[in-house]
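Asker: no sequence on this one, just coordinates:
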DNA sequence: ATTTAGTCTATCTTTTTTATAGGATTTATG
DNA sequence: CATAAATCCTATAAAAAAGATAGACTAAAT
């Protein structure tokens, strides 16, 4: 399961995407609309900003906004950023690979092979679907 | 990612499946062969036994054994048993569903829809692949 | 009776997750 | 330039989960 952090991030990003035309959006507004703890959300948005997904403006009239159009932000990127590996096992992770401690040879491990396929099928969706694809409004 | 518990369970089950013909297998043997803490493994095998996946025999000549042929034990079952939901979000889980706290209507939520597809693609593999499919020996 | 091996439950430690606090910094504007 | 508004940043706390260990109990074989 995705962590609350990542779930909140998705909902916040959706809100930002649905309001791209309104300039910077307040953390407090997102928190209220999406029912998220404001202080927790603050940290999440900051992290997204430091990763280049979001931009921000301080002071009056400030807030957060998307740095790229929604259609260019893949869901996989958000998950990896906040949650880490998408794969079910370290030994099949593309971005967070770790050697298997329990089997002799990954190359001939059936578990490794099947979990690799699960990863591929998930990535096929998560790498191609973007923020744009999960919006309610168009 | 799957927990260590579930990862260990898979490796133990593989070992049991590869030695079905040898009668009950000792916890200590599995622990040694698969490089798993024996006491931790003890708890895991007990849980698998209490769920009907494994059987056991006490005393000399005792140990654990599979209750069903490897081809009848789906990978999804093991994961759900020890790790819980396979879905990435509570609101798309078939077995551990929880209502989404952050969106107005799941029926029109794009995130819900995409994550439902990710779940389906994972289940298509995990429900159909069995212990038999992940063995090294045939 | 003794040894062997699983059963059961409790506890402990560590890590991760979730959340909160509060001062620092930047910006708009009157 | 003072003030208010908003994000920035770091620390910490609280709770939950994960990972691991301990030890007494029960059942079976010989």
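Answerer: All right, it came through fine. All of these numbers come straight from a predicted model, not from anything done at the bench.
Asker: measure the residue of chain A found nearest DNA strand C to chain B for me?
Answerer: Minimum separation of chain A from DNA strand C (C-beta to the nearest atom of the strand) falls at residue A:59, amounting to 2.5 Å. C-beta here means a position set from N, CA and C on the backbone, and glycine is covered the same way. In this structure, residue A:59 and chain B are 28 Å apart, going by C-beta to the nearest C-beta, to the nearest Å.
Asker: tally of neighbours for that residue?
Answerer: 6 (other C-beta atoms under 10 Å in any protein chain shown).
Asker: for residue A:3, same thing?
Answerer: The burial metric for residue A:3, expressed as a neighbour count using other C-beta under 10 Å, is 12.
Asker: Need phi/psi at the closest residue to residue A:72 other than its chain neighbours.
Answerer: Across the structure, with C-beta to C-beta, 6 or more residues apart in numbering or on different chains as the measure, the residue nearest residue A:72 apart from its sequence neighbours is residue A:130 (6.6 Å). Geometry field for residue A:130 lists phi and psi as phi -120, psi 180, criterion degrees, to the nearest 10.
Asker: is it true that residue A:130 touches residue A:76?
Answerer: No - the pair formed by residue A:130 and residue A:76 falls short of the contact definition of C-beta atoms under 8 Å, at 9.7 Å.
Asker: out of the two, which sits in the busier spot?
Answerer: Here residue A:130 and residue A:76 are compared on neighbour count by other C-beta under 10 Å; more neighbours surround residue A:130, at 22 against 19.
Asker: Work out for me the element the residue in chain A sticking out farthest from the centre sits within.
Answerer: Among the C-alpha atoms of chain A, the one most distant from their mean position (C-alpha atoms, centre = their mean) is that of residue A:104, at 33.9 Å. Taking DSSP states H and E as the criterion, residue A:104 maps to no regular element, lying outside all helices and strands.
Asker: Show me the beta-bridge partners of residue A:54.
Answerer: Here residue A:54 sits in beta bridges with residue A:66, going by DSSP bridges.
Asker: Residue A:36 in helix, strand or coil?
Answerer: When the structure is split into helix, strand and coil by DSSP: H, G, I helix; E, B strand; the rest coil, residue A:36 lands in coil.
Asker: Next one: it from residue A:133, what distance?
Answerer: Between residue A:36 and residue A:133 the computed distance is 22 Å (C-beta to C-beta, to the nearest Å).
Asker: if we can go back for a sec, list the contacts of the residue nearest to residue A:72.
Answerer: Remark: with contacts taken as C-beta atoms under 8 Å, 6 or more residues apart in numbering or on different chains, residue A:130 is in contact with A:70-75.
Asker: quick one: low-confidence parts of chain A?
Answerer: Applying pLDDT under 70 to the predicted model, the residue ranges of chain A that meet it are A:137-138.
Asker: residues of the helix ranked longest in it that come out buried?
Answerer: Counting residues, the longest helix in chain A under DSSP state H turns out to be helix A:110-126. Applying a neighbour-count criterion of 16 or more other C-beta atoms under 10 Å in any protein chain shown, the buried positions in helix A:110-126 are A:110-112, A:114-119, A:121-123, A:125-126.
Asker: Helix or strand for the spatially most central residue of chain A, just tell me which one.
Answerer: With distances taken as C-alpha atoms, centre = their mean, chain A has residue A:78 as the residue nearest its mean C-alpha position (1.8 Å). Per DSSP H and E: residue A:78 is located in helix A:75-83.
Asker: quick check, that helix touching DNA strand D?
Answerer: No - Helix A:75-83 stays clear of DNA strand D (C-beta under 7 Å from any atom of the strand), getting no nearer than 13.2 Å.
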